[in-house]
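Novice: just the structure for this:
(chains A, B, C and D)
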Amino acid sequence: MLPQSEYTLSQLMVAAASREINDKEVVFVGMRLPMLGFLLAKSTHATESIGIYELGVVRDRLSPEPVLTMGDLPNLTHAQWLANTADMMGLLQQGLVDVSFIGGAQVDRFGNLNTSYIGGYESVKIRLPGSGGACDLSCLAKRHIIIMSHEKRRFVERVDYITSPGYGEGFEWRTRTGLPRGGPSAVITTLGVFRFDPQSKEMILQSIHPGVTEEQVMANTGWNLKTASPLFQTPIPTEKELAMIKKFDPSGYWTGPGSATES
Amino acid sequence: MLPQSEYTLSQLMVAAASREINDKEVVFVGMRLPMLGFLLAKSTHATESIGIYELGVVRDRLSPEPVLTMGDLPNLTHAQWLANTADMMGLLQQGLVDVSFIGGAQVDRFGNLNTSYIGGYESVKIRLPGSGGACDLSCLAKRHIIIMSHEKRRFVERVDYITSPGYGEGFEWRTRTGLPRGGPSAVITTLGVFRFDPQSKEMILQSIHPGVTEEQVMANTGWNLKTASPLFQTPIPTEKELAMIKKFDPSGYWTGPGSATES
Amino acid sequence: MSVSKLTTLSEGIDRLVSDGSSVAIGMAQETLIPFFAGHEIIRRKKRNLTLIGPISDILFDQLIGGNCVEQICAGWVGNVITGSCYNFRRAVENKSLKMEDHSNLTLTMALFAGAMGVPFMPTRTALGSDLYQTNSGLKIMSCPFTGETLTAVSAIRPDTAIIHVQRSDPYGNAHIWGNLAIVKEACMASRNILITAEEIVDSEIISSDPNRVAVPGFKVSAVVHAPWGAYPSPVPGYYNRDHQAFIDYRNKSKTDTDFKKWQAIWVDSVPDSDAYMARIGIERMTALSITHHVVSASADFGY
Amino acid sequence: MSVSKLTTLSEGIDRLVSDGSSVAIGMAQETLIPFFAGHEIIRRKKRNLTLIGPISDILFDQLIGGNCVEQICAGWVGNVITGSCYNFRRAVENKSLKMEDHSNLTLTMALFAGAMGVPFMPTRTALGSDLYQTNSGLKIMSCPFTGETLTAVSAIRPDTAIIHVQRSDPYGNAHIWGNLAIVKEACMASRNILITAEEIVDSEIISSDPNRVAVPGFKVSAVVHAPWGAYPSPVPGYYNRDHQAFIDYRNKSKTDTDFKKWQAIWVDSVPDSDAYMARIGIERMTALSITHHVVSASADFGY
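Specialist: Next up, the predicted model:
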C-alpha cells in the first residue's frame, strides 16, 4: 500500500468515482473530477463503457490526448457520434443512461443538491452557476453520483434551493413527484463516501477516507448523520489508478496538489 | 397564341400552378404536377423562390437534371440544405411557408380534401394513399393550392373524410378549430380554376380552360357552384412556359399526351 | 470496440423481427428504402407485423401482399410516381388491415416523442381533420401556457427500426447522407436497430466524421452487408432511382395473382445479395450508377 | 442566389441586436462561442438585452460586465474550468439581473418548441426541483394520453441567434461541424440569424455537402468574416481551446475594477478582426493550431 502522502484527495475521489461505474454501462459524463472518474474506469475495469457528454458527444474510446474539459477538441476526435444536445438528452430521458455524475455546492440529508442560490432565491447570498445538465441527470439517469467538498455549510438539513432533486423528502417522494426513475446512489466527498437507506432514502456514511475520523465527518455535517455498520475505510487509489489519473490529468490541473479542486 | 392542340391539359395546369407562386416566396413543393409548377415558376418569374420538400430538402436553385420525383438524386445535389422532415415541418409550422400544393381525389365546396377513404372509413369503397404531408400543408401553410381532376364523383357537397382541411364548414371555421392560419387559395382542375369567397369561404368558379363551357363545369360539380363575374378564360401556357415544362419533364411522364396525369 | 455485430440478413431478421412486432422501415422516405431487408421479412414469413413509416413507396404494399402485416401506421402508402398500391387498397377495403392514419408531421412527432422518452408531443396540424377518427394516437389538447388548441400526438416506440445506409463499420457505426427524413427519430425511438449497408468499412473511416453518423453504434443490434439493398430506391453516392421498376411493380401487382408472380420472381427466388444483384442485372446497375460526382468538401476533426 | 449578406460586424450587430432584444449566443456550448461578436455588442453599447444560452463559458459574464444585460435565460453561467463568474454573481446577488433558470434539457426544448412553431414542449425533467420557482416558462402538466406528470416548457423565440461557424458562403449557407449542442434549434427558433465565420468560401464548397449546413441560407440575415472569432473557445478544424485565457479571465475579473481593465484590453481597444488576432498574438495562435489532422471521409452527393 502507498503511504497517504503519495496521492491527493482529488485522486482518491476520482478513484472512488471510477469504481461506481460498471463495465458496459452508459455514463453521462460531467465536468471536472467526474470526467476523470469516467476516463479512469474506461481505461481500467469498464473498458466497454460508453461516455455521453451533454454538448453532443458520444465516445466509446478514450480521447487521443488528455483533455481539460469536454469541449476540448481531442474529445471530439474519433467520437462515436457528434450530434445535438437534444439527442443526448433523448438517450437520458428514455432511461438509457445507467449512471451520471454531478458536482455539488450544497447537499441535504436526502441528497437534494443546490448549485444555484445559496441562501435561497429571495435572500440570495451566493449565486452559483446553476443547473447546466445537472437537474436533468439527477431526474433522469438510472442513478447518479454526487461529488463535492465536505464542509458544514455545504452539508445541511435542507438545501436552500433544489437545483437537482435527490430523494426530496425521502421515501417514495420521487415516484410521487413524477420522476421516472433514479436518484443518487452515492455521495463522494472530501471526507468519505455516503449511500442512501433503501427505505427512507436518507444519506448514510458508508466509508471514511484514510486519516479521517467519524467525528470529523459528524462535525462537518449539519444534521444527525447515520453511519453504516460496519463503517469501512475508502480504498486508496492503486498505483495503476494513480498512473492513469496522471495520464489523463498530466498537468495536475484537477487532481494535483494545490489543484483547482484541492484549493 | 398557340392553337389548343399544341399543349396538353397537364401543361396548362402546370402553368396555372406556376402563376400562383410569387417571386421570393417559400414554397412547400409536393409530388407530380405541383413539382413541375414550382420548377416552372422558379425558372421564369419566381427565380428567387425557395423550394422545401418534406423528405428533408431545401433548394434555392434548379436541380442539375430533370427529376421525376423529389427523391431523385439530382434533387439532392447542390441543395441548399439536406436535413430532417422535422426541420422542414418546423419551417412550415412556424408559418414560414408562403404557399404549398396538394393533389386531391375528392374535394367539397369549402375546399376540404379527401385522399384517404372514398365512402368514408366505416364503409370504405376506395382506399387512397392517405395524407403524407398534405394534411400538414393544408393546416399550416399561409395558403395552399389544390390540383386535381374534375369529375362529378370527385367534386362533392361534403367529402366522405377530411384528410386535409380546407375551410371546414366555411366562414371562421378554421379559426374556431384552432388552425393557426391558411386555407386553400385556389383549386386548379382539368376544367377550370376556382377561388374562395373571402367571407363564406365557398368555392367559386374563377376561370374556365379554353374549350370548356360553364355548363360542363356545373355538370361535373356535385353542388350548386357559384361563378365569378366576369368569368375568365384560363390563360394558355406561353411558348416559353411550354419549353420549360418540356425541359423539366422531357419524357412527358407527367405532362405529355397520355401521361400518368392525362390518363 | 467490443464484438462485431455483422450478421446475415436472415439471422438479423429472425432475431429482430418477431411475429407480432412493430417495425419502422423506409424512414428516409423516397431514398434509402431497405427493400432487400423488407423482402427477407416476406421470405422468413413473418406475420402480424405493425409497419411504421412516413410514406412507403411500394415496400409496405409488398409486405402486405406477402401476408406479413396486421397494422399500418403511416402517413401515406402508395407508389410515389404512379399513385395507389393494390395490395394495400384491397386489404383496407376488405377490412383485413388495421390503420393508424398519420400525417408526415404527426408521425415524425410520434417517433420524436419516442426518441425523447416523453409520452407525447404537441403539434398544430390535423386540427379539423378526420385523422382523429382513424388514429387513436391523436388527441385535442390546450397549451398549458397559451390555452391554444393543439393536437397531441402519442409516442411511438417501434420494436425494431430497419435502415439502409451507405457505409457501416462492423459495430453499427454508420454513415448516412442525403435527405434524412425521420431516420434519426425512428432509430432513437426504437428498441432495436438493424442496419443494412452498401459497404462495410473500417471504423476509422466512420469515426473520421462523427457528424455523419446515423445513430451511435452502441444502440445498434445488427449490421448486414447489403449492396444494392435499397434498390429500386436511390442511394446517394451509390445509385439512382429505377423509375421503371416502380412502374413495372404497379403494372404487375394489380391482382393478388399478379402480385404472387411478381413475388416469386423478385422475392422468393432471391435468397441473398448476390441473387438480388443478379436479378437487377448488370445493365440496369450500369444505367443507374452515379455518373456526375459531387464530392463533399472535407472537414478536419483533428486537434 | 440573390444578394450577398456579407457585412461588417458593427453593421450586423447594429442591425440585428437592438436595445432590449433577446439574443441566443454560444449555442454549441463549449465550442464555437462567438466571443468576437459578443465583444462587439459591448463595444456598440447595447443595453437591456436578454441573453439566451445553455452554458455561457464566460461570454455572458463579459456581457453582464459590459452593462449590456437585463435578463439571463440559461442553464449554467460560469467558467467551465474554473467555476463561478464574478460579474454574474454580483449582478444576481445585488438583484440587478433577472433570471430564468433552465436546465440544459428545458432550454433545449424551449428553443425546439420555438423551432417547431408550437407554444411548448413536454419533458420529464425538473420535477421536484426549484427551477419552477425561478423560471416562469415551466409548468406541471399531465400527459393527455397516460396521465403522467410532466414538465411543460414554454417556447422561446429569440430575436436574434448569433452563431460562429467554420465556413460560410456570402448568402448565409454555412458549414458547421463538431458537437452541435443546440445550434440548430436556436437558429430555427430565432427571427434573425447572424453568422460569424472563420472563412468565407464559394457557394459550391458549401453546396458540395448540404448535410453539413447549419441552417438554410434563406433564414440568415447577415454574414461576417471573423477569423479567430470564437477564440478562446475551440473551433473544430481551426484552433484549440486556450485554457489559459479562461484562467486569466477568472483571475482578472474578480472585481468590477479588474473587469474594466480586462475589458479595456480585450474589448474596447480591439476594433476589428485584425486587432483581435493581433491581441491574441502569433505565438498563441501557433500554439493553438491544429496539429493532428483527422480529415472526414468523403461523401458523394452526385447523381
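Novice: number of nearby residues for residue 37?
Specialist: Using chain A here. 28 (other Cβ atoms under 10 Å in any protein chain shown). In this view, the C-beta of every residue, glycine as well, is placed from N, C-alpha and C.
Novice: that answer is for a different chain, and I need it for chain C
Specialist: 26.
Novice: and it, what element?
Specialist: Assessed by DSSP states H and E, C:Ala37 sits inside helix C:35-43.
Novice: contact partners for A:Gly178?
Specialist: Shown in contact with A:Gly178 (Cβ atoms under 8 Å, 6 or more residues apart in numbering or on different chains): D:Arg124, D:Leu127, D:Gly128, D:Glu148, D:Thr149, D:Leu150.
Novice: how close does it get to chain C?
Specialist: 12 Å (Cβ to the nearest Cβ, to the nearest Å).
Novice: for the residue lying closest to A:Gly30 once chain neighbours are set aside, give me its contacts.
Specialist: The shortest distance from A:Gly30 to any non-neighbouring residue, by Cβ to Cβ, 6 or more residues apart in numbering or on different chains, is to A:Phe101 (4.6 Å). By Cβ under 8 Å, 6+ apart, A:Phe101 lies in contact with A:17, A:27-30, A:33-34, A:37-38, A:137, A:144-147.
Novice: neighbour-wise, which one of those residues leads?
Specialist: Neighbour max across those (other Cβ under 10 Å) = A:Phe38, 32 neighbours.
Novice: I'd like the distance between that one and chain D.
Specialist: For A:Phe38 relative to chain D (Cβ to the nearest Cβ), the value is 16 Å.
Novice: do I have it right that that residue meets A:Ile50?
Specialist: No: in this structure, A:Phe38 is not within contact of A:Ile50 by Cβ atoms under 8 Å, at 9.8 Å.
Novice: quick one, helices of chain C?
Specialist: Using DSSP state H, the helices of chain C run over residues C:9-16, C:35-43, C:59-65, C:86-93, C:104-116, C:183-189, C:203-207, C:243-251, C:256-263, C:273-280, C:282-288.
Novice: of all those, which lies closest to A:Ile188?
Specialist: Proximity to A:Ile188 (Cβ to Cβ) singles out helix C:104-116 among the helices of chain C, at 30.5 Å.
Novice: and chain A, is the closest one touching that?
Specialist: Yes: shown here: helix C:104-116 in contact with chain A (Cβ under 8 Å from any Cβ of the partner chain) through C:Ala115, C:Met116.
Novice: how far does that helix sit from the chain's center?
Specialist: Relative to its chain's centre, helix C:104-116 lies at 15 Å (Cα atoms, centre = their mean, to the nearest Å).
Novice: what sits in contact with each of A:Phe38 and A:Ile50?
Specialist: A:Val27.
Novice: residue of the stretch 51-200 of chain A closest to chain B, please.
Specialist: Here the residue of the stretch 51-200 of chain A nearest chain B is A:Ala86; by Cβ to the nearest Cβ that distance is 10.3 Å.
Novice: pLDDT wise, what is that residue at?
Specialist: On the pLDDT scale, A:Ala86 is placed at 98.
Novice: residues near the residue nearest to it when sequence neighbours are not counted, how many?
Specialist: Spatial nearest neighbour of A:Ala86, excluding adjacent residues (Cβ to Cβ, 6+ apart): D:Thr108 at 5.2 Å. D:Thr108 is flanked by 32 other residues according to other Cβ under 10 Å.
Novice: tell me the contacts of D:Thr108?
Specialist: Here D:Thr108 is in contact with A:Asn84, A:Thr85, A:Ala86, A:Met89, D:Pro54, D:Ile182, D:Glu185 (Cβ under 8 Å, 6+ apart).
Novice: closest to chain C among the contacts of A:Phe101?
Specialist: Closest to chain C, out of all of these and judged by Cβ to the nearest Cβ, is A:Val27, at 11.3 Å.
Novice: in JSON lines: the contacts of A:Phe101, plus secondary structure and pLDDT.
Specialist: Listed next are the contacts of A:Phe101 as JSON lines, based on DSSP: H, G, I helix; E, B strand; the rest coil; pLDDT from 0 to 100:
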{"residue": "A:Ala17", "secondary structure": "helix", "pLDDT": "96"}
{"residue": "A:Val27", "secondary structure": "strand", "pLDDT": "98"}
{"residue": "A:Phe28", "secondary structure": "strand", "pLDDT": "97"}
{"residue": "A:Val29", "secondary structure": "coil", "pLDDT": "94"}
{"residue": "A:Gly30", "secondary structure": "coil", "pLDDT": "85"}
{"residue": "A:Leu33", "secondary structure": "helix", "pLDDT": "89"}
{"residue": "A:Pro34", "secondary structure": "helix", "pLDDT": "88"}
{"residue": "A:Gly37", "secondary structure": "helix", "pLDDT": "94"}
{"residue": "A:Phe38", "secondary structure": "helix", "pLDDT": "95"}
{"residue": "A:Leu137", "secondary structure": "helix", "pLDDT": "98"}
{"residue": "A:His144", "secondary structure": "strand", "pLDDT": "98"}
{"residue": "A:Ile145", "secondary structure": "strand", "pLDDT": "97"}
{"residue": "A:Ile146", "secondary structure": "strand", "pLDDT": "97"}
{"residue": "A:Ile147", "secondary structure": "strand", "pLDDT": "96"}
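Novice: closest to B:Tyr253 out of the residues you listed?
Specialist: Using Cβ to Cβ, the contacts of A:Phe101 come closest to B:Tyr253 at A:Phe28, 51.8 Å.
Novice: circling back: any of the contacts of D:Thr108 buried? List them.
Specialist: If you count burial by 16 or more other Cβ atoms under 10 Å in any protein chain shown, the buried members of those come out as A:Asn84, A:Thr85, A:Ala86, A:Met89, D:Pro54, D:Ile182, D:Glu185.
Novice: what about C:Leu32, distance to D:Ala299?
Specialist: 13 Å (Cβ to Cβ, to the nearest Å).
Novice: next: C:Leu16.
Specialist: 27 Å.
Novice: repeat that for C:Lys46.
Specialist: In terms of Cβ to Cβ, C:Lys46 sits 33 Å off from D:Ala299.
Novice: cool, A:Met203 as well?
Specialist: For A:Met203 relative to D:Ala299 (Cβ to Cβ), the value is 52 Å.
Novice: so these two - more neighbours on which side?
Specialist: A:Met203 (27 against 22).
Novice: show me what contacts the more buried one?
Specialist: A:Val107, A:Arg109, A:Phe110, A:Gly111, A:Val187, A:Phe194, A:Arg195, A:Phe196, A:Leu225, A:Lys226.
Novice: Serialize the residues you listed to CSV and add fields for pLDDT, secondary structure and distance to D:Leu138.
Specialist: As requested, these are exported to CSV (pLDDT from 0 to 100; DSSP: H, G, I helix; E, B strand; the rest coil; distance: Cβ to Cβ, whole Å):
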residue, pLDDT, secondary structure, distance to D:Leu138
A:Val107, 98, strand, 23
A:Arg109, 97, coil, 26
A:Phe110, 98, coil, 22
A:Gly111, 98, coil, 22
A:Val187, 98, strand, 27
A:Phe194, 98, strand, 30
A:Arg195, 98, strand, 31
A:Phe196, 98, strand, 27
A:Leu225, 97, coil, 33
A:Lys226, 97, strand, 34
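Novice: between the residues you listed, which is nearest chain C?
Specialist: Closest to chain C, out of all of these and judged by Cβ to the nearest Cβ, is A:Gly111, at 22.6 Å.
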